[in-house]
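# Below is the sequence, then the predicted model.
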Amino acid sequence: MSLEVGAIVEGEVSGITNFGAFVQLPEGKIGLIHISEVSNVYVKDVHDFLKEHDKVKVKVLSIDERGKIGLSIKQLTPPPAPQPKPQRPQVENRERRGPRPQVAKVAPVLSFEDKLSKFLKDSDDRMLDLKRNTESKRGGRGAKRDR
């Protein structure tokens, strides 16, 4: 049986690194399951999911010209069901708290240039304040002193 992209084969984990796990495949070939292809959830440490000598079913993702074989366990497992968003509890009697004030908050739409000039002005103002504070505390280099 020759390996081809898309084939599903069974192998044995022969080594684990910080970037994935090596799997001994049929015919004595070795492939790599990259850490991103181990599980559908975030994998910080491969050791949390696989151990050496574990039997695993893998899908062949790629075989390059040098013979390197890319494998995946993640593509054989169904994705987890999306978690429903928690709903806010309904308040039955709003009159107790009084009516909610109506506040129209409409942020003006600024162009990039307007945002940039606002940022630069704010930055210059902060730098000026900082410079005044540090010079007055150090005695200042050429800063005016109150006498």
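Yep, that arrived.

# drop to CA atoms for contacts and neighbour counts, all remaining ones
OK.

# which parts of the helix or strand hosting residue 119 are buried?
Following DSSP states H and E, one finds residue 119 within helix 112-138. When burial is assessed from 16 or more other Cα atoms under 10 Å, helix 112-138 yields no buried residues.

# can you list the domain ranges for the chain.
Per automatic domain parsing, the structural domains of the chain span 8-76, 109-138.

# can you give me the strands for this protein?
Using DSSP state E, the strands of the chain run over 8-17, 20-24, 30-34, 55-63, 69-72.

# Let's have the ones you listed in CSV, adding mean neighbour count.
Listed next are the strands of the chain as CSV, based on neighbours: other Cα atoms under 10 Å:
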stretch, mean neighbour count
strand 8-17, 17
strand 20-24, 22
strand 30-34, 21
strand 55-63, 18
strand 69-72, 24
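
# mind checking how far residue 40 is from residue 76?
Residue 40 is 10 Å from residue 76, where distance means Cα to Cα, to the nearest Å.

# so how far is residue 60 from the residue minimising distance to the centre of the chain?
Residue closest to the average C-alpha location in the chain (Cα atoms, centre = their mean): residue 42, at 9.1 Å. Taking Cα to Cα as the measure, residue 42 falls 21 Å from residue 60.

# what do you get for residue 49?
Applying Cα to Cα to residue 49 and residue 60 gives a distance of 19 Å.

# got it, and residue 36?
From residue 36 to residue 60 the distance is 14 Å (Cα to Cα).

# picking up where we left off before, of all the domains of the chain, which one is nearest residue 87?
Closest to residue 87 of the domains of the chain, according to Cα to Cα: domain 8-76, at 24.1 Å.

# re the thing from before, so which of the domains of the chain comes closest to residue 102?
domain 109-138 (21.5 Å).

# How far off centre is that closest one?
The chain centroid and the centroid of domain 109-138 are separated by 32 Å, computed with Cα atoms, centre = their mean, to the nearest Å.

# is it true that residue 60 touches residue 2?
No. Applying Cα atoms under 8 Å as the test, residue 60 and residue 2 come out as separate, 11.5 Å apart.

# hang on, the earlier thing: between the domains of the chain, which has the poorest mean confidence score?
Least confidently modelled of the domains of the chain is domain 109-138, at a mean of 87 by mean pLDDT.
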